[in-house]
Structures are given as structure tokens and as C-alpha cells.
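Novice: curious how this folds, go ahead:
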Amino acid sequence: MQSASEIREAILVGETSCEAVVSAALERAKPVQERLNAFTILLDEEALAAARWIDGSGAPADAGLLHGVPIVIKDMTPTAGHPTTLGSLTTGEGITDHDAVIVQRLKAQGAIVIGKTTTPEFAFSSFTRSPRYGPTRNPWDTSRTPGGSSGGSAVAVATGVVPLGEGTDMGGSVRIPAGASGVVGFKPSLGRTPMSILPTGVDTISHFGPLASCVADAALFVAAGAGGHPADLLSQTRDFRLADTAPAPLQGLRFALSHDLGYCAVQPEVSDALQNTADELARAGAEIVEVDLPWTRAVYDEWIKHWNALLALFPTGQTPEQRAQMDPTLAACIEEGRALSALDLMRVGILRKEMSLQLGAILESCDALLCPTNAVEAPPVDAPETDYEADTEDGKFCAFDMTHPFNMLSNLPVLSLPIGLTPSGLPMGMQIVGRPYQDERLLAIAGGIEAMRGPFPAPPNFQPSPFQR
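Specialist: Take a look at the predicted model:
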């Protein structure tokens, strides 16, 4: 796939027009929508008008980082004049009168929004399906989920509609679909991009992040959106140094390696793919150190308390009548969130502190931690989510994803990189976990690993798009 920076450069030097790029993206989106249900709305007229305006402006010396690049925005994130329904029947038409801060900043850098993408209700699930829009399907196998909750954005990138999609990540909602769909997904450190769309301005597990065709595109997204904002009291004000994200040499780096984070039941093929990647890194001159984390499924159980409490804040989940319209699992999460006490939530922080000390001791001597993104390949699109929240006979936690621990450790940047296909032909991902707030360094390390491995293939069911090499 042609990267965002390559599209930008081609437009600026006159190799193509922005209108041609956006037209191709919109045409690509239509069969993807028909087969996979990745979009809630396509914005043909508005996107083409924006493209023509950019073409009419020539090649300005101060062209933005995403000048003319088509992108998609998740249905959780407000865009002015469009439905932002949160995937729920309870939100009515959902027309919003403003762009979220992240959307304002992406547009200010020249990005063109061509559509909104599907999400489960309130982004609560690792499967992208909702009562309002139905299921979104995986481009590698339409009987499987693409993961969630940013599944629509992941599909839009994986199928070559756009090189960049916006997502939100409160428990892995960028990284889970990245791993399941074969694209790059990045959770920046807490507050790197202001989280302005929640009822509260002080949430500590929520992040905006990109679904991207490559690591460099993920870095462009963060560079475009970074900076403090009053709507997010935890947002970072320090500069994001894009030049520092160039791929790093791998020789001499020291990686901690965990196959199961201490408590997860991992599909053997996923574990093998992780080990194969670690072996490649060793051959490239990196040092690999296997580590044992003392974590248990309490990590999930405590994270879900925080998440349920946050879900209970959403204004359209407040009445029994509204909850009767919802996915029953979401309605149950809201009820559990409403029943939590302040002391219950404060106790979540006790475990977060313990986890930080435990992983922090490892990261003091290692440049990053490597572990799977998802414990298993993408499940069937209609699988009950509760099937992935059980314990195995040997006491391991049976879950779809392995991402939620790093929302508990929200100061750590984490990137999911595709590392192979299962025998079923479904993508597998590896999380690269960086040191606190060292987003640029983590992106540089991930870029070095990506360069070592080479480009990941496109789904075989989709012909290359005009943006694919």
C-alpha cells in the first residue's frame, strides 16, 4: 500500500491530483462496504469538494503533514454535520455540530475525511458488531471478526481504501483489530493526543490512536494530533518530535519477551510466530531476554471495573428503557459500572501500581517488551464474547486479546505490528511496549522491526487498490 507520506508527495509534485486520490478511495470503499460493512456513512460530495479545494490551492510551501491524504473516522468520534451514533440505537440520528479536537487537527494538516467507520456500541467490545449496524467482517475471512472496537477503521486500511484510520483505545480497541486484520495499530502514551470525546476530562485508560498501513503513517497521525487541550486535563503539552521516529538500528537493542504475560492462554501458532520474530531480531543483532511476569487474570478483572464505570457515564445509557435497546452485554456492563463504589475504583489503582513496578523493573534494562497482540486468531463473527473471558483447566485466562494490561499501564506507548498468518490464513500481531512516554523512541524501534520483516501482504480476497504497490 502506498503510504500517507507517498500520497502527499505525489499530490504536491503533480504526479496525481487530490481529487483522483479521493475518488479512487471512495470507489474502493463501495465494494468493501458491500462485502464487509466497514462504514456507517461515506461522504462522497464533501470529500470530493475538499479534494478540489486542495487541488486549487496548488503546492503550498507550508503544506500539512497529511496534505490530500484520505482518512476515515470512527463512529465514536464527532465530525461536524454527520451522524456520530456510537453504534447505538439510543443516540437517535446522532448528528453532531462540531469536529472533535483530533478531527480538527487531522483536517488542519490536510487530511480529507471520506467516511465514518463502524464500532460496537460505545466501543465496548473486541468484536465490531452492533444492534444498529450489524457485524463488520474480516477481509481475510468474511466469516471472522476483524476485531474491535475500531474494526471498521482497521478494515478500511487493510483493504487499501485509505492509508490511515482513526480509532479509540480503552482496552485495546486500536491494537486488537490491527492484530486481527493485519495492519499497524498504535496506542500512544496517555494524553499524547487529547481525549476530548468522553463525558469526563480525566480518564486514565483512554487514547486516540491510528490504524495505519505502516509505522511511519502511525507516526504522522500522532504528529498531526499531538498537543495539549483544555478538554483533556491529562493531555501532554510537550512537542512530538517526528524526526525522532525514523527506523532505529536493531543491533544492540535489548528486548524482553513474554509469550503469555504470565496468565493468558495463547494459541500455539501465535506463540510460534512471536518466537520466530524474536529469533529474527536476535539474528539482526538484538538481545532477547525471556521474562516471567507475575500477572494474573486480576489484570482483566480490575481493568473491566474501570471500563464499566466509564461506560456508565455515557448519557444515553442512563435509563432502563435505553438499556433495553442495547446489546445485552453492554447493558450488563453499564449495570455493573453503576453498582461500583468509589472504593472499588480506587482499588483498581492498587493493582496498576503493582503492575507498573513489576514491568518498570524490566524496562529499566530493556528497550521494549514483546508479546502477542491477540492470544488467538480472529474468532467467528458471531461468536459470543463471553466465550473469551473464561479460565482454562490449567488456570490460564482464555481471552481474545492481550491488550488490556497496557491500558492499565497507560503511560506506556504500545504498537501492534503484523508478524504472520495462522494456518487458517488469518493475521497475527505482536505488541511492542515502550518505556513511559517515549512514543518517538517506540515508533523508531517498531519502524526498525518493520523494515527487517518487510511489508505485510494484502488480504487475498481483495485486488490491490490504486494505493497498493
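
Novice: tell me the centre residue of this structure?
Specialist: Val174 (1.5 Å; CA atoms, centre = their mean).

Novice: residues in contact with the helix or strand of the chain with the lowest mean pLDDT?
Specialist: None of the helices or strands of the chain scores lower by mean pLDDT, DSSP states H and E than strand 389-391, at a mean of 84. The contact list for strand 389-391 (CB atoms under 8 Å, 6 or more residues apart in numbering) reads 297, 300, 397-399. Using the backbone N, CA and C atoms, a C-beta is placed for each residue, glycine as well.

Novice: in strands only, show me the residues you listed.
Specialist: When DSSP state E is applied, these are split such that 397-399 fall in strands.

Novice: still on that earlier bit, residue contacts, the residue nearest to the centre of the chain?
Specialist: Here Val174 is in contact with 150, 167-168, 185-187, 207, 209-211, 416 (criterion: CB under 8 Å, 6+ apart).

Novice: farthest-apart pair in those, please.
Specialist: Greatest spatial distance among the contacts of Val174 (CB to CB): Thr168 and Ser416, at 14.7 Å.

Novice: more crowded one of those two?
Specialist: Neighbour tally, Thr168 and Ser416, criterion other CB atoms under 10 Å: the higher count belongs to Ser416, 31 against 23.

Novice: okay, and the beta partners of the more buried one?
Specialist: Gly185, Gln431 (DSSP bridges).

Novice: could you do the one 4 residues further on as well?
Specialist: Residues found in beta-bridge contact with Gly420 (criterion: DSSP bridges) are Met428.

Novice: the chain should start at 644 in everything you say after this.
Specialist: Right, with 644 as the first residue, what we last looked at is Gly1063.

Novice: so what's it scoring on pLDDT?
Specialist: pLDDT for Gly1063: 98.

Novice: what's around it, how many residues?
Specialist: 19.

Novice: any idea how far it is from Ser786?
Specialist: Plainly put, Gly1063 is 20 Å away from Ser786 if you go by CB to CB, to the nearest Å.

Novice: what sits against the residue nearest to Ser731 when sequence neighbours are not counted?
Specialist: Counting by CB to CB, 6 or more residues apart in numbering, Ser731 lies nearest to Glu764, which is 4.4 Å off, once chain neighbours are set aside. Going by CB under 8 Å, 6+ apart, Glu764 touches 729-731, 773-775, 969-970, 973.

Novice: likewise Ser856?
Specialist: 644-647, 800, 806-807, 826-827, 1110.

Novice: with only the CA atoms kept, save stretch 827-847 in PDB.
Specialist: These are the backbone C-alpha positions of stretch 827-847, laid out as PDB (Å, rounded to 0.1, in the frame of the first residue of the first chain):
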ATOM      1  CA  VAL A 827      -0.300  -1.400  12.300                       C
ATOM      2  CA  GLY A 828      -2.100  -0.100  15.400                       C
ATOM      3  CA  PHE A 829      -0.700   2.300  17.900                       C
ATOM      4  CA  LYS A 830      -1.700   3.300  21.400                       C
ATOM      5  CA  PRO A 831       0.200   6.400  22.200                       C
ATOM      6  CA  SER A 832       1.100   7.200  25.800                       C
ATOM      7  CA  LEU A 833      -1.600   8.800  27.900                       C
ATOM      8  CA  GLY A 834      -2.600  12.300  26.900                       C
ATOM      9  CA  ARG A 835      -0.300  12.400  23.800                       C
ATOM     10  CA  THR A 836      -3.400  13.100  21.700                       C
ATOM     11  CA  PRO A 837      -6.100  14.900  23.700                       C
ATOM     12  CA  MET A 838      -9.100  12.700  24.500                       C
ATOM     13  CA  SER A 839     -11.900  15.200  24.200                       C
ATOM     14  CA  ILE A 840     -14.900  12.900  23.400                       C
ATOM     15  CA  LEU A 841     -15.600  11.400  26.800                       C
ATOM     16  CA  PRO A 842     -18.000  12.800  29.500                       C
ATOM     17  CA  THR A 843     -15.000  13.100  31.800                       C
ATOM     18  CA  GLY A 844     -11.800  15.100  31.200                       C
ATOM     19  CA  VAL A 845      -9.600  12.900  33.500                       C
ATOM     20  CA  ASP A 846      -9.900   9.300  32.300                       C
ATOM     21  CA  THR A 847      -6.700   7.300  32.600                       C
END
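
Novice: buried set for it?
Specialist: Of all the residues in stretch 827-847, those buried under the rule 16 or more other CB atoms under 10 Å are 827-841, 846-847.

Novice: do the same with stretch 676-685
Specialist: Applying 16+ other CB under 10 Å to stretch 676-685 flags 676, 679-685 as buried.

Novice: could you work out the most separated pair of the residues you listed?
Specialist: Maximum pairwise distance among these (CB to CB): 15.2 Å, between Leu679 and Ile684.

Novice: quick check: Gln747 vs Thr836, distance?
Specialist: 12 Å.

Novice: where does the stretch 644-793 of the chain have low pLDDT?
Specialist: Residue ranges of the stretch 644-793 of the chain with pLDDT under 70: 644.

Novice: what about the helices in it?
Specialist: If DSSP state H, counting those that start in this stretch is used as the criterion, the helices of the stretch 644-793 of the chain fall at 647-655, 661-679, 687-699, 744-751.

Novice: give me the distance between Pro1066 and Pro911.
Specialist: Separation of Pro1066 from Pro911 (CB to CB): 10 Å.

Novice: what helices or strands is the biggest helix by length in the chain leaning on?
Specialist: For the chain, the helix with the greatest residue count under DSSP state H is helix 985-1006. Under the contact definition 3 or more CB pairs under 8 Å, 6 or more residues apart in numbering; DSSP states H and E, helix 985-1006 sits against helix 941-954, strand 1011-1015, helix 1048-1051.

Novice: quick one: which of the contacts of strand 1032-1034 is nearest Arg695?
Specialist: Within the contacts of strand 1032-1034, distances to Arg695 taken as CB to CB reach their minimum at Ala1042, with 47.1 Å.

Novice: contacts only, for the nearest residue to Phe1040 once chain neighbours are set aside.
Specialist: Once flanking residues are discounted, Phe1040 sits nearest to Arg940: 3.9 Å by CB to CB, 6+ apart. When contacts are counted by CB under 8 Å, 6+ apart, Arg940 touches 906, 1034, 1040.
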